[in-house]
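*Asks:* Sequence isn't available, so here's the structure alone:
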């Protein structure tokens, strides 16, 4: 079965979603503004993508008030981490195929 059918995730591969998941990987909770700045999109675009990722079970969102200021925090779920790992593995395999066999020394 081709790699793209088994591991490649078209939902994750959308550039902003992939960038969001990569930013969240390896972190506990990341503040919305930090994700926005690292991904390079508007608040509304990020909110739309985070909502889609949350609907897929890939992210969790918490809203808290600190010093009279509403803050939003995002984290990668275990399911999201596993999906990202599978997708990255598919990309690595595709890159290896594109490079071809390693030259023999």
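*Replies:* Great, that's in hand. From a predicted model like this one, the values you see are computed outputs, not experimental measurements.
*Asks:* In the helix or strand hosting residue 87, which residues are buried?
*Replies:* Assigned by DSSP states H and E, residue 87 belongs to helix 78-99. By neighbour count on 16 or more other Cβ atoms under 10 Å, the buried set for helix 78-99 is 80, 81, 83, 84, 87, 88, 90, 91, 93. C-beta here means a position set from N, CA and C on the backbone, and glycine is covered the same way.
*Asks:* how about the strands of this protein, start to end?
*Replies:* Counting by DSSP state E, the chain has strands at residues 30-31, 59-66, 69-76.
*Asks:* Residue 76 bridge partners, please.
*Replies:* Per DSSP bridges, the residues bridged to residue 76 are residue 59.
*Asks:* right, and it touches residue 21 too?
*Replies:* Yes. Residue 76 is in contact with residue 21 according to Cβ atoms under 8 Å; the separation is 6.3 Å.
*Asks:* the more surrounded of the two?
*Replies:* residue 76 (25 against 22; other Cβ atoms under 10 Å).
*Asks:* pLDDT value on that one, please?
*Replies:* pLDDT for residue 76: 98.
*Asks:* Quick one: residues contacting it.
*Replies:* Residue 76 makes contacts with 21, 24, 25, 27, 58, 59, 84, as judged by Cβ atoms under 8 Å, 6 or more residues apart in numbering.
*Asks:* Geometric centre of the protein: which residue is closest?
*Replies:* For the chain, the residue nearest the mean C-alpha position is residue 21 (1.7 Å; Cα atoms, centre = their mean).
*Asks:* For residue 56, see how far away residue 94 is.
*Replies:* Distance, residue 94 to residue 56, using Cβ to Cβ, to the nearest Å: 22 Å.
*Asks:* swap in residue 37?
*Replies:* 23 Å.
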